[in-house]
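In: Sharing a model prediction with you, sequence too.
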Amino acid sequence: MEQIRQAKKGDATLIAMLGRTTFNEAFGHLFHSHDELKTYLSATFSIEKIENSLEKENNVYWIAFVDRLPVGYAKLKLRSPSNFIRSTNISQLQKIYVLKDFLSLKIGRHLQDQVFATAVRSGAKDIWLSVWQGNQRAIRFYEKNAFKNVGNHQFTIGTQTFDFMIMSKRLNHG
(Lines give C-alpha, C1' and ligand atoms only; values in the text may rest on other atoms or scores of the structure.)
Protein backbone atom coordinates (compact mmCIF):
# COMPACT_ATOMS: atom_id res chain seq x y z
CA MET A 1 0.00 0.00 0.00
CA GLU A 2 1.33 3.43 -1.00
CA GLN A 3 1.18 6.53 1.19
CA ILE A 4 2.57 10.02 0.60
CA ARG A 5 2.72 12.57 3.37
CA GLN A 6 4.27 15.95 3.92
CA ALA A 7 7.56 15.68 5.79
CA LYS A 8 8.39 17.36 9.08
CA LYS A 9 11.68 18.09 10.86
CA GLY A 10 11.69 14.67 12.51
CA ASP A 11 11.86 13.11 9.04
CA ALA A 12 15.30 14.57 8.28
CA THR A 13 17.05 11.24 8.86
CA LEU A 14 14.72 9.44 6.42
CA ILE A 15 15.15 12.14 3.78
CA ALA A 16 18.94 12.20 4.23
CA MET A 17 19.11 8.42 3.76
CA LEU A 18 16.75 8.46 0.77
CA GLY A 19 18.69 11.37 -0.74
CA ARG A 20 22.05 9.66 -0.42
CA THR A 21 20.77 6.35 -1.73
CA THR A 22 18.72 7.64 -4.65
CA PHE A 23 21.42 10.09 -5.75
CA ASN A 24 24.00 7.31 -5.67
CA GLU A 25 21.69 4.98 -7.62
CA ALA A 26 21.06 7.62 -10.27
CA PHE A 27 24.45 9.31 -10.57
CA GLY A 28 27.09 7.41 -8.60
CA HIS A 29 28.40 5.71 -11.76
CA LEU A 30 29.25 9.11 -13.28
CA PHE A 31 31.90 9.96 -10.70
CA HIS A 32 35.55 9.26 -11.47
CA SER A 33 36.42 9.65 -7.79
CA HIS A 34 34.56 7.78 -5.07
CA ASP A 35 35.94 10.30 -2.55
CA GLU A 36 34.38 13.24 -4.43
CA LEU A 37 31.01 11.44 -4.53
CA LYS A 38 31.26 10.61 -0.83
CA THR A 39 32.15 14.24 0.02
CA TYR A 40 29.21 15.53 -2.02
CA LEU A 41 26.75 13.08 -0.44
CA SER A 42 27.95 13.94 3.08
CA ALA A 43 27.62 17.68 2.46
CA THR A 44 24.35 17.64 0.52
CA PHE A 45 22.46 15.02 2.49
CA SER A 46 23.63 15.57 6.06
CA ILE A 47 20.87 15.30 8.64
CA GLU A 48 21.64 18.81 9.91
CA LYS A 49 21.39 20.31 6.41
CA ILE A 50 18.06 18.56 5.78
CA GLU A 51 16.73 19.67 9.19
CA ASN A 52 17.63 23.28 8.38
CA SER A 53 16.02 22.98 4.95
CA LEU A 54 12.83 21.54 6.44
CA GLU A 55 12.55 24.56 8.75
CA LYS A 56 12.58 27.10 5.90
CA GLU A 57 9.07 28.36 5.22
CA ASN A 58 9.45 28.23 1.44
CA ASN A 59 10.57 24.57 1.37
CA VAL A 60 8.02 21.75 1.30
CA TYR A 61 9.01 18.07 1.35
CA TRP A 62 7.02 14.88 0.92
CA ILE A 63 7.97 11.29 1.66
CA ALA A 64 6.49 8.32 -0.19
CA PHE A 65 6.04 4.98 1.55
CA VAL A 66 5.19 1.52 0.24
CA ASP A 67 4.07 -0.91 2.93
CA ARG A 68 5.44 1.60 5.47
CA LEU A 69 8.94 1.56 3.91
CA PRO A 70 10.25 4.99 2.84
CA VAL A 71 10.88 4.71 -0.91
CA GLY A 72 11.04 8.25 -2.27
CA TYR A 73 10.76 11.95 -1.62
CA ALA A 74 10.17 15.28 -3.30
CA LYS A 75 11.10 18.87 -2.49
CA LEU A 76 9.38 22.03 -3.68
CA LYS A 77 10.88 25.48 -3.19
CA LEU A 78 8.18 28.15 -3.25
CA ARG A 79 8.98 31.61 -4.65
CA SER A 80 12.16 30.48 -6.40
CA PRO A 81 12.95 32.68 -9.42
CA SER A 82 15.08 31.51 -12.35
CA ASN A 83 17.16 33.56 -14.78
CA PHE A 84 15.68 31.44 -17.59
CA ILE A 85 12.00 32.17 -16.95
CA ARG A 86 10.11 35.44 -16.83
CA SER A 87 7.44 34.96 -14.21
CA THR A 88 6.39 36.95 -11.20
CA ASN A 89 5.43 33.94 -9.13
CA ILE A 90 7.39 30.78 -9.82
CA SER A 91 8.29 27.72 -7.78
CA GLN A 92 11.04 25.15 -8.24
CA LEU A 93 10.72 21.39 -8.19
CA GLN A 94 14.13 20.86 -6.59
CA LYS A 95 14.11 17.14 -6.00
CA ILE A 96 12.02 14.14 -6.88
CA TYR A 97 13.72 10.82 -6.26
CA VAL A 98 12.43 7.28 -5.90
CA LEU A 99 14.46 4.19 -5.02
CA LYS A 100 15.27 2.22 -8.17
CA ASP A 101 13.32 -0.87 -7.08
CA PHE A 102 10.10 1.18 -6.79
CA LEU A 103 10.25 3.25 -10.00
CA SER A 104 7.70 1.06 -11.78
CA LEU A 105 5.01 1.92 -9.20
CA LYS A 106 4.60 5.48 -10.58
CA ILE A 107 5.47 7.00 -7.21
CA GLY A 108 7.36 9.80 -8.96
CA ARG A 109 4.13 10.82 -10.68
CA HIS A 110 2.23 10.81 -7.36
CA LEU A 111 4.93 12.91 -5.71
CA GLN A 112 4.87 15.31 -8.64
CA ASP A 113 1.07 15.67 -8.26
CA GLN A 114 1.60 16.77 -4.64
CA VAL A 115 4.22 19.29 -5.76
CA PHE A 116 1.95 20.75 -8.45
CA ALA A 117 -1.04 21.03 -6.12
CA THR A 118 0.98 22.84 -3.47
CA ALA A 119 2.59 25.17 -6.02
CA VAL A 120 -0.85 26.07 -7.41
CA ARG A 121 -2.25 26.68 -3.89
CA SER A 122 0.70 29.01 -3.24
CA GLY A 123 -0.29 31.08 -6.27
CA ALA A 124 2.64 30.03 -8.45
CA LYS A 125 2.00 30.52 -12.16
CA ASP A 126 4.98 28.45 -13.33
CA ILE A 127 7.25 25.72 -12.03
CA TRP A 128 10.80 24.93 -13.09
CA LEU A 129 13.46 22.31 -12.51
CA SER A 130 17.00 21.41 -13.45
CA VAL A 131 17.78 17.94 -14.82
CA TRP A 132 21.06 16.32 -15.86
CA GLN A 133 21.09 16.10 -19.67
CA GLY A 134 22.13 12.45 -19.56
CA ASN A 135 19.09 11.45 -17.49
CA GLN A 136 16.84 10.61 -20.42
CA ARG A 137 14.34 8.72 -18.26
CA ALA A 138 13.71 11.84 -16.15
CA ILE A 139 13.63 14.14 -19.20
CA ARG A 140 10.99 11.93 -20.88
CA PHE A 141 9.00 11.90 -17.61
CA TYR A 142 9.01 15.69 -17.43
CA GLU A 143 8.24 16.11 -21.13
CA LYS A 144 5.22 13.80 -20.74
CA ASN A 145 4.09 16.16 -17.98
CA ALA A 146 4.29 19.27 -20.21
CA PHE A 147 7.70 20.59 -19.16
CA LYS A 148 9.66 22.36 -21.90
CA ASN A 149 13.41 22.94 -22.24
CA VAL A 150 14.13 26.64 -21.61
CA GLY A 151 17.90 26.68 -21.14
CA ASN A 152 21.08 24.96 -20.06
CA HIS A 153 23.63 25.36 -17.30
CA GLN A 154 26.55 23.52 -15.79
CA PHE A 155 27.01 22.20 -12.27
CA THR A 156 30.38 21.28 -10.80
CA ILE A 157 30.90 18.64 -8.14
CA GLY A 158 34.51 18.29 -7.07
CA THR A 159 36.58 18.22 -10.26
CA GLN A 160 33.72 17.19 -12.57
CA THR A 161 31.32 19.44 -14.44
CA PHE A 162 27.91 18.21 -15.54
CA ASP A 163 25.56 19.65 -18.17
CA PHE A 164 22.02 20.35 -17.00
CA MET A 165 18.82 21.37 -18.74
CA ILE A 166 16.36 23.88 -17.28
CA MET A 167 12.75 22.88 -17.88
CA SER A 168 9.60 24.79 -17.02
CA LYS A 169 5.86 24.35 -17.12
CA ARG A 170 2.87 26.68 -16.83
CA LEU A 171 0.67 25.55 -13.94
CA ASN A 172 -3.02 24.88 -14.46
CA HIS A 173 -5.13 26.95 -12.06
CA GLY A 174 -8.52 25.59 -12.90
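Out: That came through, no problem.

In: To which secondary structure element is the residue nearest the centre of the chain assigned?
Out: Centroid check for the chain by Cα atoms, centre = their mean gives residue 95 as the closest residue, at 0.7 Å. Assigning secondary structure by DSSP states H and E places residue 95 in strand 90-98.

In: now that strand: mean pLDDT?
Out: Predicted confidence along strand 90-98 averages 95 (mean pLDDT).

In: and residue 46, how far is that from residue 96?
Out: Distance of residue 46 to residue 96, computed by Cβ to Cβ, to the nearest Å: 20 Å. (C-beta placed from N, C-alpha, C; glycine too.)

In: shaky segments in this structure?
Out: Along the chain, the model assigns pLDDT under 70 to residues 173-174.

In: which residues in it form helices?
Out: Assigned helices in the chain, in chain order: 12-27, 34-44, 47-55, 107-121, 136-144 (criterion: DSSP state H).

In: name the helices or strands packed onto the first one?
Out: Which is helix 12-27. Applying 3 or more Cβ pairs under 8 Å, 6 or more residues apart in numbering; DSSP states H and E, we find helix 12-27 packed against helix 34-44, helix 47-55, strand 59-66, strand 69-77, strand 90-98.

In: Could you identify which of these is most buried?
Out: With neighbours defined as mean count of other Cβ atoms under 10 Å, those peak in mean count at strand 90-98, which reaches a mean of 23.

In: before we move on, the earlier item: including distance to residue 169, could the helices of the chain go into JSON lines?
Out: Formatted as JSON lines, the helices of the chain follow (distance: least, Cβ to Cβ, whole Å):
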{"stretch": "helix 12-27", "distance to residue 169": "21"}
{"stretch": "helix 34-44", "distance to residue 169": "25"}
{"stretch": "helix 47-55", "distance to residue 169": "23"}
{"stretch": "helix 107-121", "distance to residue 169": "9"}
{"stretch": "helix 136-144", "distance to residue 169": "8"}
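
In: ok, back up a step: who are the packing partners of the strand holding residue 95?
Out: helix 12-27, strand 69-77, helix 107-121, strand 126-132.

In: For the second one, name the packing helices and strands.
Out: Counting contacts by 3+ Cβ pairs under 8 Å, 6+ apart, the secondary-structure elements packed against strand 69-77 are helix 12-27, strand 59-66, strand 90-98, helix 107-121.

In: now these in TSV, with distance to residue 128?
Out: Below are the helices and strands packed on strand 69-77 laid out as TSV (distance: least, Cβ to Cβ, whole Å):
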stretch	distance to residue 128
helix 12-27	20
strand 59-66	15
strand 90-98	6
helix 107-121	10
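
In: Indicate which one of these is closest to residue 50.
Out: Distances from residue 50 to each of the helices and strands packed on strand 69-77 were compared by Cβ to Cβ, and the smallest falls on helix 12-27, at 4.1 Å.
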